[in-house]
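Q: 3D model of this:
(2 chains)
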Amino acid sequence: DFVMTQSPLSLPVTLGQPASISCRSNQSLVYTDGNTYLNWIQQRPGQSPRRLISKVSNRDSGVPDRFSGSGSGTDFTLKISRVEAEDVGVYYCMQGTHWPLSFGGGTKVEIK
Amino acid sequence: VQLVESGGVLVKPGGSLRLSCAASGFTFSDYYMSWIRQAPGKGLEWVSYISAGGDNIYYADSVEGRFTISRDNAKNTLYLRMNSLRAEDTAVYYCATPGGSHWGQGTLVAVSS
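A: Now for the predicted structure:
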């Protein structure tokens, strides 16, 4: 099975400051079609999960441009350029390249 | 796109339950669908997947042999039949479209005596 490892587990951030979350997989996430099915999911407190980014770096509709994704192969990063209060929550990476689908353990973003 | 789960209740260990997910706003029959769960205070765990036509199905090891995913494309509805329920199956169950692009609000399944 694939293992997705996120770090850090907890990320206290000052409002207006940047934040960065790492996601590593134990095998390459490049699929046979050439795409890399690595997505980033946000879950605000008390809400359902919401996808922010698909295929490493494609922002979903309505996602602020302060969110960006990057990476390749087995190493990926989600960056928030300037953290706002509404960004508080848990962020998960999710791989859809190999079965079974799997999620990272989550990174909790909180305001200092 | 709207996904509305239902069917979650309190059930005793060993009991059974069927969850439903009513889909609207997209061509349901064109897409594979997934069930994903979240135990209280825990992370996300993929449970099961079904292809658009229902001919390809996968399960997480933790539910293999106990859960059955199915769909009715005429009714735009996804199902999850859950048998031999255990305490560790207690979770909010979400249905989701491919790649997690859309999620429902979730339905809570609690397994306890």
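
Q: confidence score at the closest residue to residue A:9 other than its chain neighbours?
A: In space, residue A:9 comes closest to residue A:107 once its chain neighbours are excluded; the distance is 6.5 Å by CB to CB, 6 or more residues apart in numbering or on different chains. C-betas here are computed from N, CA, C, even on glycine. At residue A:107, the model reports a pLDDT of 98.

Q: settle this for me: residue A:107 is touching residue A:20, isn't it.
A: No. Under the criterion of CB atoms under 8 Å, residue A:107 makes no contact with residue A:20, lying 9.8 Å away.

Q: one step back: ok, the residue nearest to residue A:9 to chain B distance?
A: 10 Å (CB to the nearest CB, to the nearest Å).

Q: of residue A:107 and residue A:20, who's got more company?
A: residue A:107 (22 against 16; other CB atoms under 10 Å in any protein chain shown).

Q: just list whatever residues bridge to the more buried one.
A: With DSSP bridges as the criterion, residue A:107 is bridged to residue A:91.

Q: contacting residues for it?
A: A:6-11, A:21, A:90-92 (CB atoms under 8 Å, 6 or more residues apart in numbering or on different chains).

Q: ok, residue A:68 next?
A: Contact analysis of residue A:68 by CB under 8 Å, 6+ apart lists A:53, A:57, A:59, A:78-79, A:81.

Q: and it, its phi and psi?
A: phi -150, psi 150 (degrees, to the nearest 10).

Q: got it, and the one 4 residues further on?
A: When quoted as degrees, to the nearest 10, the phi and psi of residue A:72 stand at phi -170, psi 160.

Q: where's the residue nearest to it when sequence neighbours are not counted relative to chain B, distance?
A: Leaving aside its chain neighbours, residue A:72 sits nearest to residue A:36 (6.7 Å; criterion: CB to CB, 6+ apart). Using CB to the nearest CB, one gets 12 Å for the distance from residue A:36 to chain B.

Q: still on that earlier bit, hmm, which of the contacts of residue A:107 are the buried ones?
A: A:6, A:11, A:21, A:90-92 (16 or more other CB atoms under 10 Å in any protein chain shown).

Q: helices and strands of chain A: which one bottoms out on pLDDT?
A: When each helix and strand of chain A is scored by mean pLDDT, DSSP states H and E, strand A:102-103 comes last, with a mean of 94.
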